[in-house]
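A.B. asks: give me a 3D structure for the following:
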Amino acid sequence: MTKIYEDILDVQSRIINTISPDRNIHDWNISYLPVLDLSDKTHVVSLRLVHIENKYLKISVAIDLGGRILEIFDKRTKVNLLPKVTALEPVPHLIRGVQLLQGLEWSITNPKFSSSYRVNSMGSVDYSIHDENMDANPTLLIHEYSPQEGLSWYGSIVLDSDSTEITLTCNAINRNFHPLPLHSGLIFNGKDTTVFEAKDNAGLKLLKMEERESGFVVNHEDCLLHSIQKSGDAVDIGMVPGDYHLMPFESVSWQMKLYPFSQIKRIDGASEYGVVGVDKENLYVQANRKLEKNKILLVTETDKKLELQTDFYPEHIKEVSLENVQESISRILIRDLSEQKDWVDINLEESCFIQLDNYQWDSYLNEVSILSKEESVLKEYESCVNLLLENSREDIDVKRLSYSYLFKHHALIIDVISKIRKEEYGVALLKLEQCAQYNSDSFLLWWLVAYCRRKANQDIDDALLNLHYLSNMDPLLKAESFLSQGNTDSSSMLASLSGNIGAQMDVLNWYYLVGDIDASLEWIDSCMKLNKHEMLFYAKAYIFIKYKKLDIEAAAIMKESGGLKQSLYLASSHLENKIIQFLTTYFPNDKKLHEWCMRTGQCANLNKNLNV
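C.D. replies: Below you'll find the model as predicted:
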């Protein structure tokens, strides 16, 4: 049985300082997060861990290090499959100043923004533990939102109760109004890490770390491994094509299964059932699960055949003596008699593995490649988006877009928002039914359904259930659940958003975009109870002046914001930039606001992005 529980790890680390983003480590360091700077001094840090454990393995996930798997301990052989973490060893890096090459990292990024480096790989992620279903394996879910990249993603980690199978899944979501280049995969950090492809097992990769006989068999479902890039002691396995673009408000998912092995004397073959090696004295088998009734066929160099039947158990490495075999073995075949399936077939006269240090499979041209042929439609789409971002309450003509193969769904979304602004919720709901035919998994679709039903005084329970099922940690879901309940206590339901100003502003962007000024103010006030952040004060002052004609109250809010500690947060969305630009003009003597605007240079970029 698998158990899952939380823990704290106290570990030594060099002190990492945060410094103002205007001190660029590199010319293209445009991260919305503070730049990191390594100190020569050390201290003890306390990390939140989630352990997932069965009788064979113990997996330790560091919530405060980007949700990376920090350790995988093989209880069968007392071996750490990832290098044992006795201290954190951050090293300099160009993009944010510091990176940590330890553990197994999630790598979900916009490659034009930060290559395969995830800017929050050393930060905290939102997470939830699901172990209430006694008939299913416990699941750890993690979530992250990157406002600057317009990207959010969910990851899940599951350890099977009765085997060594580790299942990792990822769902990346484009929260932008424009196509997003995407890199999505995993980075294995470890000394002497090498990847091999098993020739006789399509879809399998053998990844050995440190010792020759310890590592992982990597299997995947529903999508292919698209790239392997080795840099130093790190191996980046890409799970989406190198030229992949994710269309607006759409998502892409992948799943990878890992089967650990350790302390086997040698490896000549591998599959999702286990690994096999042979020498002159013995046949070695380390199974990943209980395999009863297996037939082993050994073929010698003179084509003599020897058959025997045995059981394999994952608790220990099975050694089958070959002392009575007088000739060299040329082929090994093992069949699971229960399933009547050959799970390993090794020709020892040939090399069973091909080493892959850097490899790029055939590139995949998805829908976005058609954009170059639909340049005029793309311009029409961008024009509609610009009108939408200007918060116009007039109808936006999306007729031409509705005929486009790429933009049918997006034309409907723009039209829906336009109808909501005029409070035509019934019409908007009818159009959302059409949207569901194109992208029923869209986080935005179901949020809009829940919002429209609430505003139309209709039942919203099933819409919120869909949201919970699709993305139960999405900031928009939490906001809509919170606002629909009329809850005045934000401390419990919104606790995971505390301090996450990027996620808080993302929610505000959407309520502002549909023209709901009252909900925008209610959301700002709720967030202010969680954390006093100057961006929230600026947003409230902006709305007071623009929509409530409360100039005196806005001035009081700006005065109060002046007493807050200066933030390192950089405005990233169209709305945030518009707020800052407006307020610097309206309050020309607000020194703090002007210093922030000049330091970040965000106002100059006002029209350069189409983020919500």
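A.B. asks: quick check: Q309 vs I334, distance?
C.D. replies: Note on Q309: its distance to I334, by Cβ to Cβ, to the nearest Å, is 11 Å. Just so you know, the C-beta spots here come from the backbone N, C-alpha and C atoms, and that holds for glycine as well.
A.B. asks: any residues in contact with both of these two?
C.D. replies: Between them, Q309 and I334 have N294, K295, I296 as joint contacts when contacts are counted by Cβ atoms under 8 Å, 6 or more residues apart in numbering.
A.B. asks: who does A287 bridge with?
C.D. replies: Counting by DSSP bridges, A287 forms beta bridges with G274.
A.B. asks: looking at the shared contacts of Q309 and I334, which is nearest A554?
C.D. replies: Using Cβ to Cβ, N294 is the member of those that sits closest to A554, with 75.5 Å.
A.B. asks: count the neighbours of the closest one for me.
C.D. replies: Neighbouring residues of N294 were enumerated by other Cβ atoms under 10 Å; the total is 21.
A.B. asks: for the one 10 residues further on, same thing?
C.D. replies: Applying other Cβ under 10 Å, we find 12 other residues in the vicinity of K304.
A.B. asks: what's the following helix or strand after the lowest-mean-pLDDT helix or strand in the chain?
C.D. replies: Of all the helices and strands that make up the chain, the one with the lowest confidence by mean pLDDT, DSSP states H and E is helix 461-471; it has a mean of 56. Scanning forward in sequence from helix 461-471 by DSSP states H and E, the next helix or strand is helix 475-484.
A.B. asks: what is the distance between that following helix and the centre of its chain?
C.D. replies: Helix 475-484 sits 21 Å away from the centroid of its parent chain (Cα atoms, centre = their mean, to the nearest Å).
A.B. asks: related to what we said a few turns ago, what's the closest of the shared contacts of Q309 and I334 to D590?
C.D. replies: Nearest to D590 out of the shared contacts of Q309 and I334 is N294 (Cβ to Cβ; 75.6 Å).
A.B. asks: which stretch of helix or strand covers the closest one?
C.D. replies: strand 291-300.
A.B. asks: likewise for W343?
C.D. replies: Using DSSP H and E, the element containing W343 is strand 341-347.
A.B. asks: give the partner strands of that strand in its sheet and their orientations.
C.D. replies: When pairs are called by DSSP bridges, strand 341-347 turns out to pair with strand 329-336 (antiparallel).
A.B. asks: just want the angle from the strand it pairs with to strand 291-300.
C.D. replies: Following axes from the mean of the first three to the mean of the last three Cα atoms, to 10 degrees, one obtains 160 degrees for the angle between strand 329-336 and strand 291-300.
A.B. asks: use 266 as the first number from now on
C.D. replies: New numbering, starting at 266: the last item is strand 594-601.
A.B. asks: what mean pLDDT would you report for strand 594-601?
C.D. replies: Averaged across strand 594-601, pLDDT comes to 91.
A.B. asks: cool, stretch 654-670 as well?
C.D. replies: Confidence over stretch 654-670 (mean pLDDT, whole number) is 79.
A.B. asks: enumerate the positions of it that are buried.
C.D. replies: Within stretch 654-670, the residues scored as buried using 16 or more other Cβ atoms under 10 Å are L654, I661, D662, V663, L666, S667, S669.
A.B. asks: got a list of what the closest residue to H859 other than its chain neighbours touches?
C.D. replies: Closest residue in space to H859, ignoring its immediate chain neighbours: T849 at 5.7 Å, by Cβ to Cβ, 6 or more residues apart in numbering. Contacts were defined as Cβ under 8 Å, 6+ apart; by that measure T849 touches D855, L858, H859, C862, C868.
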